[in-house]
Every structure is written in structure tokens, then in C-alpha cells.
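Trainee: have a look at this prediction, sequence included:
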There are 4 protein chains.
Amino acid sequence: MKTVLLTGFEPFDGENVNPSWEAVRRLDGQEIAGARIAARQLPCVFGAALEELRRHLDALSPVLAIAVGQAGGRPDITVERVAINVDDARIADNAGQQPIDQAIAADGPAAYFSTLPIKAIVSGLRENGIPASVSQTAGTFVCNHVMYGLLHRAGPRAGFIHIPYLPEQAARHPGQPSMRLEDCVEALRLAVEIALTQREDAKIAGGATH
Amino acid sequence: MKTVLLTGFEPFDGENVNPSWEAVRRLDGQEIAGARIAARQLPCVFGAALEELRRHLDALSPVLAIAVGQAGGRPDITVERVAINVDDARIADNAGQQPIDQAIAADGPAAYFSTLPIKAIVSGLRENGIPASVSQTAGTFVCNHVMYGLLHRAGPRAGFIHIPYLPEQAARHPGQPSMRLEDCVEALRLAVEIALTQREDAKIAGGATH
Amino acid sequence: MKTVLLTGFEPFDGENVNPSWEAVRRLDGQEIAGARIAARQLPCVFGAALEELRRHLDALSPVLAIAVGQAGGRPDITVERVAINVDDARIADNAGQQPIDQAIAADGPAAYFSTLPIKAIVSGLRENGIPASVSQTAGTFVCNHVMYGLLHRAGPRAGFIHIPYLPEQAARHPGQPSMRLEDCVEALRLAVEIALTQREDAKIAGGATH
Amino acid sequence: MKTVLLTGFEPFDGENVNPSWEAVRRLDGQEIAGARIAARQLPCVFGAALEELRRHLDALSPVLAIAVGQAGGRPDITVERVAINVDDARIADNAGQQPIDQAIAADGPAAYFSTLPIKAIVSGLRENGIPASVSQTAGTFVCNHVMYGLLHRAGPRAGFIHIPYLPEQAARHPGQPSMRLEDCVEALRLAVEIALTQREDAKIAGGATH
């Protein structure tokens, strides 16, 4: 049976939970559209996260790989359009590293576009009552780092999805939006299904004026 | 058995659902801390909403009354501190009325404070992993109108709680935060329990600098 | 000649400048619509601010009094509609006090409405190209405290106006909006002129749904 | 004397003014750090904007080129880090075109990084009391289109800066932040000066976690 790799991160920035890992591990071993999900956790560490990711890609040879991360402050599921070749850390990673304006791949292009059908995923999620949108930036921290590294390697259809804080996290960050874990899990399940079954992306506007 | 009145609103502003009614009707008939919940729907109409409310208060003689409304755009459960004696409608109500700067009760005071233990409720919700905060304004539309009218009438312990859009609503309003119905229902259940069992409010800061 | 009292606050919350004082002191001594402006600084201290304010009201017997404060994070000039009878401090004031849920006037009503023509002021500012809106809450800190105390005392037409950070402050708080001092000064000049010359407020919607 | 090209856009999206053009035209003909400013207006039209831009680059052979655009809703001067090779229009441009997911240059790379010293500019602006930050996305509308096209062509040091609404625009869009034209002009003057005099960028964090 074909394999789909889903990665989530360990907690960072003082949190004791990372919704990305909580969500993907609930899909571990499940079958979606004829493929088996393999969920793996990545450290929130520049460099080490990509080494782990490559190890899993080598071991699993997945037909689809989606990395998932926490986007505290965003209200909905955001499907990333593009990863850029730069690490610029506003806060330290879990190993204390805080790179500024360093290339992820010295010989790599400035950016890679997601090869997921990002518009079809956003559209499919909304139709299923899950708030979602296209994001034009995955930031410049470990999430973007992993998305860039994933796409830099010749490999399967791949991309990155950000999910909001869980309600229990937002309960400690007054004013921040959140999403229930069940909805995040269902969103990722739908995203995998759409990515496995829809070759062409939908022609739907998902841009931003700035 | 004692009765607790919970009211929710019919949909307004082009929505086909109002989370406040969806949440309170799921608690209808349930027993919380020795009291029975009676859930009633109010029209989103200045004047008529208060007439309905008074009819329910007369019929039920509740020991506690909490009116609940939708606050599209807010990310968490907001427990209102105060209702002010003015109707000032940015949009028309469901009967097409759009009052500007009209007193709700010609002879009434400028405002009433909620008689719910608002800090204890916010604190209790957060402890249970539900994002919540005190709100210093219930607006000037039908929600504030109902809260003011509820407190203007000598009656039981009473107040108002705003809840966010449901995910299915936010899926049609990109960028808006939302909360799952189950969490809203649990938040209201906890609020009723705390209001029935805690006489004194908690001494916890819940203010705003502006 | 008639006198108009404008008050601004000393800096608080770690700032080294308070735009409210910077703005009002630039109008000190000026003549607007036949009245002379007297600008006075208030301490950002519960209790002491009101004592100072009362001393100035006694000394000057103004025909109009507008208290002005800083609202860091708001993007425009906000004309406050109402002050509520509660101190609830999220941060300590400049004397280290942090009251929670204390009445400002033990025997006072729950709230006072501004007696300024708030809609006419907002409308007049916008016509002059200055972003402005009605605010339904002045918070629960020293600004609301002063607004309530000002209106609690039988006196002249009175109210409160919040102004944004100055650009130099926002330059130290990335992501926060700001307004140039010149625009704040002009906004206050217009507000005084409108309050002195327009008895009836404008019938324009300025409400909020929540 | 060396030439610096500054471009601004014509109004779009129903506005009757575009702050980017208002700002750059006030610098037209001025001398900054030994170079002469040439300000040119671009149409807010996919394709045509780039044709105009190339004509100006050919005619002027500038040593530095900065394209400037309006970012309604942003509170500060944002110096763009990267342009991506895609047009995805949420609204129609001034010629009625609304491309979805079309490459700007069929044979171009996924993205180009600004060659301006973006951190040094942000830092210099803040030191001069002007709110500024690095932006990780220039959107997918005509601004990003022009930035990408500008960097796609082998040429001078170049990049893109977004500026907020003017106060007069925000006065018609309640709740939106704004910046005075004088501050925008001074910000661009400083940006040109820094870009002409500082070869190396500053090593200052300017990233985003997402």
C-alpha cells in the first residue's frame, strides 16, 4: 500500500503541546484514499528537523508528504503557497539557535511553490465547514525551513499546512483564536484525500493584494 | 425544581444559523446544579425581543437568566460586564428597524452591571481549556438591548454572554475566528453552574486600559 | 472670555511620552470659537487624577471640559460614548495601585454618557480627513476613571477622547498603528469647536453590533 | 549625476488617491546622497505596469530602483523581502484583468529576494521615529508583479516598499490605520539614502514565526 507522510512538530515557544503533532498522530496508521498515513514528529530545531525529515522520506518513500505546523494567532487552517530560502528567527529554536538571514540551501533557488493542490484543499475544507485559506508566507522560522527543505529534495507531491492554537492554548493567551483538535484532524484528512485524488488544482482566486 | 432561563437569538445579518440559539437549545431540559434549563429563542428585533423575554421571565420565574448572543469576529467566549441605555444600530434588525441613539428605557439609568460572577466564569472556563474573557461592551445593537432590558427588570441574577461564529460560519467569512458548538455548549453549562454555586465573584483583574 | 479645559495624562506603562499631553499642551492659551483653552496635565493615578481634575474645574469654571488619553493599539481618534462606575486595572497605575472591581463613586450610577456631541465630532473629523470613530468603551483604567469622575460632578458639557500612539512610540512597538501629533492636535481643535458651536448631536449611526 | 528611480502607482480599488504616487512624486528631482530622484507613475495593471517600468529603467539607467505601493490595512512602512512568480488577483486590476495562478515570467525562478538592505532600512526608519518592519509577502497582486518584474531584469539594486493608507483614506475606512504623507516621504528619503550608502545589510532579526 502507498504511504503518505505527515509530520508535526514538538512544542516550542514555551507551549507544552503542539497542535500539529497532536493532529497528525491521530491519523497515524489510517487509510485514506488507498494510502496509509505515517505520522512522524520533527524537532523544532533548524537543521535537525530537516535531517529527521530526510530520514523519514528515505525510509518511507511516500507518494505524498505534508508537513504541518502551529501558527499561533491565525484563526483558520492555512495552506502555504510558497517556502523561501532563508532562516530568520525572531525567537530561538528548541536548541537555542537563532539564525539571521541565512540560506537554507546555499545552492538552492530563492523559493519553491507547494506542489499540493492548495486551492482545491482550501475549497474542499470550506465546503466541509472548516475555515481555511491560502497563505502567502510560511514565515522564516522552522516551519518555512522544513517546507523549503521538503520541496528542495526531488520527491513526492509535497507542501505545508499551518493550524491554529488549540482552545486549551488560547485559554492561556487571551484574545488569540483557536480551533478544536477534531477539526484540525478532519482538515488534514481532507487535505490528504484531495491531494491524492485531484491532480489539477482548482482555478479559484486565493491571492492577497499585499 | 428551580429554573434557569437561557435565551439565544434567531439568525441575523444574512446568516442562516445563530450559534447562540444552537448552543442554548442543546441545554434545554438539562439539569445543572439542581436547576432545570429552559432554553428560549428571541427574535433579533428591537422591542419584540424584550417583550418575548419578559413573557418568558413571567412564565418561568427563573432563579438565573443568561441571554446569549453571537459576536462574529470575537475569538473567545466573552462575558459582558455592562449594558448601556442606548440603541444605536449600525445595521437593520430583522424587522428593518435601525434606531439611532434612542434610550431603551426612557426612565432607566445609563447602565446596569451584570449580576453574574463574571470573573469567576471567565476563570472557570479558562481552567477548563475554553478561551474566555471579560468584555467591557456588549455593543449597541439587539444584544445590548436585551441585556439592558433583562437587568432593568427587578429579577433574578442575570447577565449576557457572547459566543463566536461557528466554524461553518467562519468558513464563509475568511479570516474570522470561530469556536466549535460543543465548546460553546460546555462554556454555557459551566457558566450556569458557576453562577448557581458561587455567590461572590472572584477578585481577578479583567479590565482593559481602554 | 470663556474657558475650555483640556486635560492630558503623564506617560504610563513604560512610555516616555503621552500623546494626550503633547497634543493638549499645544492648544494651551489658544482661542477657539470665542473661548480660551486651558491645558492641564493629570497624573496617571487612580484618585489623584480626579483630585487634580476637580481642582482645575474649580479654578477655571470652564464651559466645556474634554479629557484626553492615550489608547495604544487603536488606529484612530475615538470619541468615548460612556464611562462606567468601576476601576479594574490590568496593569498598575503610576503610584503602583491596581484596583479590581472597585466603584469610582460609591453612591454613583453605573454609568454616565458623554455630554459632547460625539457623532458630530466624529463626522466633523472625518470630513476634515482625520480618521475617527465612536468608542463604546473607555476601558476600566485611569482614562475611564477620569471620564466618570468628570461627568459625576455637575458641571459643564464634558467627555473623553482617546488618541493613538505617536509614530515615535509605534516605531518601538512593531505592528501598532499611530497618528501624527499635528493630526491629533487638529482633531482636538475641531472637537472643541464643534462642541462649542453645535448644541444638538448629529443623527448618524455610530454603534457596534457587539 | 546618478539617478534613482522611484515608482508609485495610480489609484486602484475605488480609491481616488494612491499614497505611493503622492509620496514618490514629492521626491522627484531631489538630490539624495549624490543621486537625483526620478519619480514615475505606473498603472495598476498587470503587464502594462511592467512595460512602463522597463521603459523607465531603459531611459534612466538608475543605480537604484525602488517601487512603492499602497498596503491598505497595514499600520507601518513595510519593506518587502521577497517577490514570488505568480499573479493571483483577489480583485480586478484597473484594466479589468483578474489572473489566477499565472506565472509572471514563464521561465523565471519561483522568487527573487530584494537586493535592498532591508534590515538596515527598517532599523534606520525606526531610529528616526517612523514605524517600519520587514514584510515576508508582497501579496500576489500588481505590487508583487512589479517587484518580481523589477528583480527579474538584471539591473540595479532594487526592491519594493509598501506604505499605509493616508489619513484621508482611513477617514473613509473606519478602523483602518494610516500614516501621514510627510512621514511616508521621509521614510522613502531615508530608504534611498540607506540603500545608496550601505552596501552590507544589518544583521538584525526581522523574521516571522509564520
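Mentor: Great, that's in hand. This structure is a prediction, so every number in the text was calculated from the model and none was measured.
Trainee: when you work out contacts or count neighbours from here on, use the C-alpha atoms and nothing else.
Mentor: OK.
Trainee: does A:Ala71 really touch A:Ile161, like I thought?
Mentor: No: here A:Ala71 lies out of contact with A:Ile161, judged by CA atoms under 8 Å, at a distance of 9.4 Å.
Trainee: now do the top helix by length along chain A: distance to the chain's middle.
Mentor: Ranked by residue count and defined by DSSP state H, the top helix of chain A is helix A:181-197. Helix A:181-197 sits 12 Å away from the centroid of its parent chain (CA atoms, centre = their mean, to the nearest Å).
Trainee: can you list the buried residues in that helix?
Mentor: A:181, A:183-196 (16 or more other CA atoms under 10 Å in any protein chain shown).
Trainee: just list what that helix packs against, helices and strands only.
Mentor: For helix A:181-197, the contact count by 3 or more CA pairs under 8 Å, 6 or more residues apart in numbering or on different chains; DSSP states H and E identifies helix A:19-25, strand A:31-32, helix A:118-127 as packing neighbours.
Trainee: indicate whether the first one makes contact with chain D.
Mentor: This points to helix A:19-25. No: if you take CA under 8 Å from any CA of the partner chain as the test, helix A:19-25 misses chain D, and the best it gets is 13.6 Å.
Trainee: who's in contact with the residue of chain A most remote from its centre?
Mentor: Farthest-out residue of chain A from its mean C-alpha position, per CA atoms, centre = their mean: A:Pro174, at 24.7 Å. The contact partners of A:Pro174, by CA atoms under 8 Å, 6 or more residues apart in numbering or on different chains, come to B:Pro131, B:Ala132, B:Ser133.
Trainee: ok, 10 Å please
Mentor: When contacts are counted by CA atoms under 10 Å, 6 or more residues apart in numbering or on different chains, A:Pro174 touches B:Pro75, B:Asp76, B:Arg126, B:Pro131, B:Ala132, B:Ser133, B:Val134.
Trainee: specify which member of these is nearest to C:Asp28.
Mentor: B:Val134 (38.2 Å; CA to CA).
Trainee: phi, psi for that closest one please.
Mentor: phi -80, psi 140 (degrees, to the nearest 10).
Trainee: ok, for it, nearest residue in space, not its chain neighbours?
Mentor: B:Val79 (4.9 Å; CA to CA, 6 or more residues apart in numbering or on different chains).
Trainee: packing partners for the helix or strand where the one you found lies?
Mentor: B:Val79 belongs to strand B:77-80 when assigned by DSSP states H and E. Counting contacts by 3 or more CA pairs under 10 Å, 6 or more residues apart in numbering or on different chains; DSSP states H and E, strand B:77-80 is packed against strand B:64-70, helix B:118-127, strand B:132-135, strand B:157-163, helix B:181-197.
Trainee: which other residues reach that strand?
Mentor: A:175, B:68-71, B:113-114, B:116-119, B:121-122, B:125-126, B:130-139, B:144, B:147, B:159-164, B:179, B:183-184, B:187-188, B:191, C:210.
Trainee: now with 8 Å, please.
Mentor: B:114, B:118, B:121-122, B:130-138, B:159-164, B:184, B:187.
Trainee: for stretch A:16-24, buried residues please.
Mentor: Quick answer for stretch A:16-24 (16+ other CA under 10 Å): A:Val17, A:Asn18, A:Pro19, A:Ser20, A:Trp21, A:Glu22, A:Ala23, A:Val24.
Trainee: ok, now stretch A:135-155?
Mentor: Neighbour-count burial for stretch A:135-155, counted by 16+ other CA under 10 Å, picks out A:135-152.
Trainee: same check on stretch A:100-119?
Mentor: Under 16+ other CA under 10 Å, the buried positions of stretch A:100-119 are A:100-101, A:103-104, A:109-119.
Trainee: strands - which of those residues land there?
Mentor: Using DSSP state E, A:Ala111, A:Tyr112, A:Phe113 are the members of these that sit in strands.
Trainee: what's the closest non-adjacent residue to the first one?
Mentor: It stands for A:Ala111. A:Ile84 (4.2 Å).
Trainee: likewise the last one?
Mentor: Counting by CA to CA, 6+ apart, the nearest residue to A:Phe113 once its immediate chain neighbours are dropped is A:Val82, at 4.3 Å.
Trainee: okay, the residue most central in space within chain A and chain B: tell me how far apart.
Mentor: Here the mean C-alpha position of chain A is nearest to the C-alpha of A:Val68 (CA atoms, centre = their mean), at a distance of 2.6 Å. Applying CA to the nearest CA, to the nearest Å, the value for A:Val68 to chain B is 19 Å.
Trainee: quick one: that residue from A:Thr7, how far?
Mentor: Applying CA to CA, to the nearest Å, the value for A:Val68 to A:Thr7 is 6 Å.
Trainee: just the pLDDT at A:Gly155, thanks.
Mentor: pLDDT for A:Gly155: 86.
Trainee: SS state for it?
Mentor: Three-state assignment for A:Gly155 (DSSP: H, G, I helix; E, B strand; the rest coil): coil.
Trainee: from chain C, how far out is it?
Mentor: Where chain C is concerned, A:Gly155 sits at a distance of 38 Å (CA to the nearest CA).
Trainee: do you know how far that residue is from A:Gln70?
Mentor: 24 Å.
Trainee: likewise A:Val146?
Mentor: 13 Å.
Trainee: same question for A:Pro177.
Mentor: According to CA to CA, A:Pro177 stands 12 Å off from A:Gln70.
Trainee: shared neighbours of these two, anything?
Mentor: A:Pro164, A:Tyr165.
Trainee: residues of chain A that sit close to chain D?
Mentor: A:71, A:84, A:87-91, A:100-101, A:109-113, A:136-144, A:203-210.
Trainee: so how far is stretch A:128-138 from its chain's centroid?
Mentor: Averaging C-alpha positions (CA atoms, centre = their mean) puts stretch A:128-138 12 Å from its chain's average.
Trainee: and what of stretch A:45-63?
Mentor: 14 Å.
Trainee: so where's chain A shaky on pLDDT?
Mentor: Applying pLDDT under 70 to the predicted model, chain A contains no residue that meets it.
Trainee: if we can go back for a sec, next step: the buried residues of stretch A:135-155 restricted to helices.
Mentor: Filtering the buried residues of stretch A:135-155 for helices - DSSP H - leaves A:Val142, A:Cys143, A:Asn144, A:His145, A:Val146, A:Met147, A:Tyr148, A:Gly149, A:Leu150, A:Leu151, A:His152.
Trainee: can you give me the distance of the fourth one to chain B?
Mentor: Okay, so that is A:His145. From A:His145 across to chain B, the span is 25 Å (CA to the nearest CA).
Trainee: which residues does stretch A:52-70 contact?
Mentor: A:2-9, A:18-21, A:24, A:40, A:42, A:143, A:146-147, A:150, A:156-165, A:195-196.
Trainee: hmm, try it at 6 Å
Mentor: A:3-8, A:20, A:156-164 (CA atoms under 6 Å, 6 or more residues apart in numbering or on different chains).
Trainee: so the longest helix of chain A versus helix A:118-127, what angle?
Mentor: When axes from the mean of the first three to the mean of the last three CA atoms, to 10 degrees is applied, the directions of helix A:181-197 and helix A:118-127 differ by 140 degrees.
Trainee: next, the angle from helix A:181-197 to strand A:64-70.
Mentor: 150 degrees.
Trainee: quick one: contacts of helix A:181-197?
Mentor: Contacts for helix A:181-197 (CA under 6 Å, 6+ apart): A:Ala23, A:Ala33, A:Ile121.
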